[in-house]
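sharing a model that was predicted from the sequence below.
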Amino acid sequence: MSDDDRSREIDWDAAYVLGETPWDKGAPAPPLIEFLEGRPLAGRVLVPGCGTGHDARAIAETGAEVVGVDISGRAIDGARALGEGEGLRFEVGDFLDLEGRHRGAFDWVFEHTCISGLHPSMRGAYADSVVAALKPGGRYLAIFFLTPWDEGEVPEPPPYGIAEAEIDAMFDGRLQTEQEWWPGRHFPGREGRELMRVMGRSPS
Ligand SMILES: C[S@@+](CC[C@H](N)C(=O)[O-])C[C@H]1O[C@@H](n2cnc3c(N)ncnc32)[C@H](O)[C@@H]1O
């Protein structure tokens, strides 16, 4: 990543210290819960940009072995305070600079509001890390928050929105879309603004 990209990064620790974390609803994402009720995740799951870990915790409760990674030490302190344990671990780390031990190590990568915090110039590196983290045949489960700003507000990023064509371009030729749908459950105000996908890495 260039110095210019680095300069666009947000001071995530400061946000957590100041409690300026409007994305943290104190609960797992309703579209994730809806999904897990029909299809619990199995195997090893990586949650990049996990924040204080509500989604990671919900996935671990279905029996998967979950690793939540966040660049903010303060977020990870908060996640650990809410509970680590059997099948659930939190780590400080830069997902865009994936550690060797995480390469090819996961059956699933789960996305929820990590992309919306990354400048669009970082999406290539993000997609590279998603693909690199997955085992052959592994899957990417994503809640894409397409328009992460308040209704009537002129978009002034961050957070950054994303369009379906941009998602396609990020993973073109590397992950295949297996399912795409509009979830039925949401945090208030996100109705019709979240798109879900399961995308698979080829088994070979
Ligand atoms: C908008 S917040 C969402 C947090 C969490 N997914 C949630 O919904 O509560 C984005 C998160 O991504 C983390 N983050 C930003 N850049 C990152 C990176 N390069 N690697 C790992 N985490 C990152 C931030 O610290 C922050 O916790």
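Looks like it came in fine.

the longest strand seen in the chain vs the ligand: in contact?
Counting by DSSP state E, the longest strand found in the chain is strand 134-145. No. Looking at strand 134-145 against the ligand by CB under 6 Å from any ligand atom, there are no contacts, and the closest approach is 8.9 Å. Backbone N, C-alpha and C define where each C-beta goes, glycine included.

right, and the helix or strand after that strand?
helix 164-171 (DSSP states H and E).

what is the helix or strand following that following helix packed up against?
Downstream of helix 164-171, the first helix or strand assigned by DSSP H and E is strand 175-181. Under the contact definition 3 or more CB pairs under 8 Å, 6 or more residues apart in numbering; DSSP states H and E, strand 175-181 sits against strand 194-201.

can I assume Arg185 is in contact with Ile33?
Yes. Between Arg185 and Ile33 there is a contact under CB atoms under 8 Å: 6.8 Å.

circling back: any idea how far the longest strand of the chain is from the middle of the chain?
10 Å (CA atoms, centre = their mean, to the nearest Å).

distance from the chain centre to stretch 42-62, please.
Centre-to-centre, stretch 42-62 and its host chain are 9 Å apart (CA atoms, centre = their mean).

meant to ask about stretch 36-47, not that
13 Å.

before we move on, back to that, and the contacts of the longest strand of the chain?
The contact list for strand 134-145, computed with CB atoms under 8 Å, 6 or more residues apart in numbering, reads 29, 31-32, 35, 41, 104-113, 115-116, 130, 159, 161-162, 167, 171, 175, 178, 183, 190, 193-204.

what do you get for stretch 84-94?
With contact meaning CB under 8 Å, 6+ apart, stretch 84-94 is reached by 50, 53, 56-57, 60, 63-73, 76, 79-80, 99.

closest to the centroid, which residue in the chain?
Glu111 (2.6 Å; CA atoms, centre = their mean).

next, the angle from the helix or strand where that residue lies to strand 134-145.
Secondary structure from DSSP H and E places Glu111 in strand 106-112. Put simply, strand 106-112 runs at 10 degrees to strand 134-145, going by axes from the mean of the first three to the mean of the last three CA atoms, to 10 degrees.

next, the angle helix 164-171 makes with strand 106-112.
150 degrees.

so which elements touch strand 106-112?
strand 44-48, helix 54-60, helix 123-133, strand 134-145.
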